[in-house]
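>>> From the sequence below, what's the structure:
(one chain, ligands or ions: 2)
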Amino acid sequence: MKYDAITIGFGQGAHKIARDLAKKKWKVAMIEKNDQMYGGSCVNIGCIPTKLMDHDAKEGHPYEKVKERRDQVVAHNRENNYNGMQNNEYVDVYTGIGSFKSNHVVEVATKDGTYELEGTYIFIDTGSVPNMPPIDGLKEADHVYNSTTLQELDHLPATLGIIGGGNIGLEFASIYATLGAKVTLLERSDSFMEHEEPEIAEAVQKVLEDKGIRIQLNAESEQVSNSKEGVEVKTSDGQVYSFEALLVAAGHKPQTAELNLEATDIEVDEKGGIKVNEQLETTAEKVYAVGDVRGKLKFTYITTDDAALVLDHLLGNGTRKLSERKHVPYAIFIDPPVAHVGLTEKEANEKGYTFLTNIVPVKSTVRSNVINDERGLYKAVVNKENEEILGVSLFGDQAHELVNMMKMAMDNHIPYTYLRDQVITHPVMSEIFNTLFDLS
Ligand SMILES: Cc1cc2nc3c(=O)[nH]c(=O)nc-3n(C[C@H](O)[C@H](O)[C@H](O)COP(=O)(O)OP(=O)(O)OC[C@H]3O[C@@H](n4cnc5c(N)ncnc54)[C@H](O)[C@@H]3O)c2cc1C
Ligand SMILES: NC(=O)c1ccc[n+]([C@@H]2O[C@H](COP(=O)([O-])OP(=O)(O)OC[C@H]3O[C@@H](n4cnc5c(N)ncnc54)[C@H](O)[C@@H]3O)[C@@H](O)[C@H]2O)c1
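Ligands and ions are numbered 1, 2, ... in the order given. As a prediction, this is how the structure comes out:
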């Protein structure tokens with residue numbers, strides 16, 4: 001079968017590419033290996049189910065109810081993703097593992113047979129998979145989960161150990177503690193949230209500890225084995241912990257193992273990410289890679305913006321370049337949320353900027369009275385010479401929303417004085433910027 005385009009993987013990047021190419025009457029094949037993953041990680045096991053769990057846990061619903069709604073919403077969204085593409089007259093969806101036979105020929109083994117598909121253009125959107133660190137006994141022990149398999153449990157574990165204090169470790173710690181589990185976070189680094197502003201990290205640690213989460217730093221897990229309670233972890237500091245369930249959240253690596261890249265000219269970097277140029281074309285002509293599989297930032301908005309960049313190159317005016325992507329914010333959906341964009345104070349210092357900083361506690365806002373939540377603080381770093389915002393780190397109510405306002409100001413070189421003097425509705429959280437940017 002010949003196609004104008006083939007996507008390997010059905011993540012949100014592939015979805016956007018297939019939809020837009022089909023609008024231009026390109027004949028597109030989408031290959032997804034897992035019939036529970038149409039729409040990719042975000043829809044099925046990532047952003048949406050976990051943010052829903054965070055939301056419903058905070059509303060006080062018990063685990064079983066949260067899981068029931070999670071499963072319903074995931075199934076509904078997956079079905080919409082599948083039907084939207086399958087019912088498109090220009091798109092064929094194949095369910096099976098896609099692997100290259102050559103640069104432009106992909107084999108897909110479905111339950112109805114094996115097909116050889118030839119594509120003028122190929123888009124690799126196969127995402128990433130959790131790292132399993134080489135910890136003695138980890139593979140063999142029972143009750144060990146990754147972020148996907150933990151969500152499948154039909155009951156809440158009474159005690160949950162988490163290896164890794166990154167995005168997944170923090171979000172799951174917050175959600176499962178809110179749901180009522182006794183959570184212990186084992187982080188091998190000697191500092192908590194080491195890449196964040198220290199004031200923010202300290203405040204987050206306190207909030208999580210107040211929630212009952214035990215945070216163990218310098219805790220390199222060395223051995224995992226079955227125990228009476230479920231699973232036991234020995235760490236480098238000589239401690240032994242026992243849990244009903246253990247979540248491994250030690251980073252993700254690009255998912256390329258089944259692609260048979262050896263049959264192609266596609267190269268990977270030292271971390272296994274697919275190498276691309278400014279237009280996201282791989283080292284094989286007319287073969288592109290988008291999203292997590294590139295091994296860089298792993299967020300849904302990166303895979304969809306990668307797709308937008310590729311589409312600009314193929315269907316638009318072709319002016320976009322990867323290196324010209326503007327500021328990329330992120331949010332960690334704990335309770336309350338943390339978000340960041342741009343440089344930290346330490347990074348601004350290392351880059352030699354002359355800068356000013358300010359920190360404003362959430363409790364100083366009227367909004368905190370309204371919502372009865374004083375937790376958190378907002379921090380800004382601004383360039384003293386040209387008055388532009390270099391970075392902000394936000395912890396507290398609305399941080400995950402307001403970071404996008406900061407990104408817009410930074411992308412458009414709006415001076416911090418504009419935010420300081422901006423007329424803002426009342427009583428809302430954005431009013432904090434009037435004070436945060438009052439730096440003179
Ligand atoms: C628990 C969790 C929470 C997250 N929360 C957020 C969040 O709140 N916000 C955010 O922005 N990001 C979040 N992320 C990250 C986000 O989900 C990913 O960055 C994003 O989904 C990556 O999209 P992608 O298109 O690159 O890959 P994916 O969405 O992973 O899609 C890849 C698809 O390819 C399929 N596939 C792989 N190999 C093959 C093959 N050989 N043949 C056929 N199909 C194949 C896979 O089954 C998968 O469906 C979260 C991730 C996790 C795990
Ligand atoms: N809100 C969001 O946008 C969101 C939420 C969840 C996940 N994600 C994405 O998913 C990806 C994967 O998340 P993640 O949390 O697994 O990765 P991560 O890179 O965010 O964190 C991994 C953590 O595990 C620790 N670690 C690694 N090996 C360890 C070991 N052997 N023992 C103890 N600790 C160890 C690291 O020090 C690090 O703190 C991230 O890249 C993130 O972008 C995003």
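>>> All the helices of this protein, residue numbers only.
12-23, 40-44, 47-58, 63-86, 147-151, 167-179, 198-210, 300-314, 345-350, 366-371, 399-411, 416-421, 432-436 (DSSP state H).
>>> As TSV, those helices with mean pLDDT, distance to ligand 2 and mean neighbour count would be great.
(Each C-beta comes from the backbone N, C-alpha and C, glycine too.) Below are the helices of the chain laid out as TSV (pLDDT from 0 to 100; distance: least, CB to the nearest ligand atom, whole Å; neighbours: other CB atoms under 10 Å):
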stretch	mean pLDDT	distance to ligand 2	mean neighbour count
helix 12-23	98	13	23
helix 40-44	98	8	25
helix 47-58	98	7	19
helix 63-86	98	15	16
helix 147-151	98	7	19
helix 167-179	98	3	24
helix 198-210	98	12	17
helix 300-314	98	8	21
helix 345-350	98	17	15
helix 366-371	98	22	15
helix 399-411	98	8	19
helix 416-421	98	24	18
helix 432-436	98	22	21
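>>> Out of the ones you listed, which gets nearest to Leu186?
With CB to CB as the measure, helix 167-179 is the member of the helices of the chain nearest Leu186 (8.7 Å).
>>> Please name every helix or strand in contact with the closest one.
Packed against helix 167-179 by the contact rule (3 or more CB pairs under 8 Å, 6 or more residues apart in numbering; DSSP states H and E) you find helix 47-58, helix 147-151, strand 159-163, strand 182-186, helix 198-210, strand 245-248, strand 330-332.
>>> thinking again about what came up before, could the helices of the chain go into CSV alongside distance to ligand 1?
Output for those, formatted as CSV (distance: least, CB to the nearest ligand atom, whole Å):
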stretch, distance to ligand 1
helix 12-23, 4
helix 40-44, 2
helix 47-58, 3
helix 63-86, 10
helix 147-151, 4
helix 167-179, 5
helix 198-210, 17
helix 300-314, 4
helix 345-350, 22
helix 366-371, 22
helix 399-411, 9
helix 416-421, 25
helix 432-436, 23
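>>> JSON lines for the ones you listed, including distance to Glu267?
Formatted as JSON lines, these follow (distance: least, CB to CB, whole Å):
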{"stretch": "helix 12-23", "distance to Glu267": "20"}
{"stretch": "helix 40-44", "distance to Glu267": "24"}
{"stretch": "helix 47-58", "distance to Glu267": "30"}
{"stretch": "helix 63-86", "distance to Glu267": "30"}
{"stretch": "helix 147-151", "distance to Glu267": "29"}
{"stretch": "helix 167-179", "distance to Glu267": "28"}
{"stretch": "helix 198-210", "distance to Glu267": "37"}
{"stretch": "helix 300-314", "distance to Glu267": "18"}
{"stretch": "helix 345-350", "distance to Glu267": "30"}
{"stretch": "helix 366-371", "distance to Glu267": "50"}
{"stretch": "helix 399-411", "distance to Glu267": "32"}
{"stretch": "helix 416-421", "distance to Glu267": "43"}
{"stretch": "helix 432-436", "distance to Glu267": "45"}
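>>> wait, Asn434 sits on Arg420?
Yes - using CB atoms under 8 Å, Asn434 is in contact with Arg420, at 6.0 Å.
>>> How much space separates Tyr90 from Lys24?
9 Å (CB to CB, to the nearest Å).
>>> more neighbours, the two?
For Tyr90 versus Lys24, neighbours defined as other CB atoms under 10 Å are more numerous around Tyr90 (18 against 11).
>>> quick one, which of the helices of the chain is nearest to Leu356?
With CB to CB as the criterion, Leu356 lies closest to helix 416-421 of the helices of the chain, at 8.5 Å.
>>> List the contacts of that closest one.
380, 382, 387-389, 409, 433-434, 436-439 (CB atoms under 8 Å, 6 or more residues apart in numbering).
>>> Show me which of those residues is closest to Glu278.
Nearest to Glu278 among the contacts of helix 416-421, with distances taken as CB to CB, is Glu388, at 25.2 Å.
>>> tally of neighbours for the residue lying closest to the closest one once chain neighbours are set aside?
Spatial nearest neighbour of Glu388, chain neighbours left out: His413 (5.6 Å); criterion: CB to CB, 6 or more residues apart in numbering. By other CB under 10 Å, the residues close to His413 number 10.
>>> from memory His413 sits against Glu387, does it?
No - judged on CB under 8 Å, His413 makes no contact with Glu387 at a distance of 9.4 Å.
>>> Can I get stretch 227-242 as CSV, trimmed to CA atoms?
Extracted C-alpha coordinates of stretch 227-242, given in CSV (Å, rounded to 0.1, in the frame of the first residue of the first chain):
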residue,chain,number,x,y,z
SER,A,227,8.2,-8.4,51.8
LYS,A,228,5.3,-9.3,54.0
GLU,A,229,3.6,-6.0,53.4
GLY,A,230,4.3,-6.1,49.6
VAL,A,231,7.7,-4.8,48.6
GLU,A,232,10.9,-3.7,50.4
VAL,A,233,13.5,-1.2,49.4
LYS,A,234,17.0,-0.9,50.8
THR,A,235,18.6,2.5,50.2
SER,A,236,22.3,3.7,50.1
ASP,A,237,21.8,5.3,53.5
GLY,A,238,21.2,1.9,55.1
GLN,A,239,17.5,2.3,55.6
VAL,A,240,14.9,-0.4,54.8
TYR,A,241,11.4,0.6,53.7
SER,A,242,8.4,-1.6,53.2
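>>> in this protein, what residue is nearest ligand 2?
Ligand 2 sits closest to Gly166 of the chain, with a gap of 1.8 Å, by CB to the nearest ligand atom.
>>> looking at it, that residue is touching Ala249, isn't it?
Yes - taking CB under 8 Å as the definition, Gly166 is a contact partner of Ala249 at 6.4 Å.
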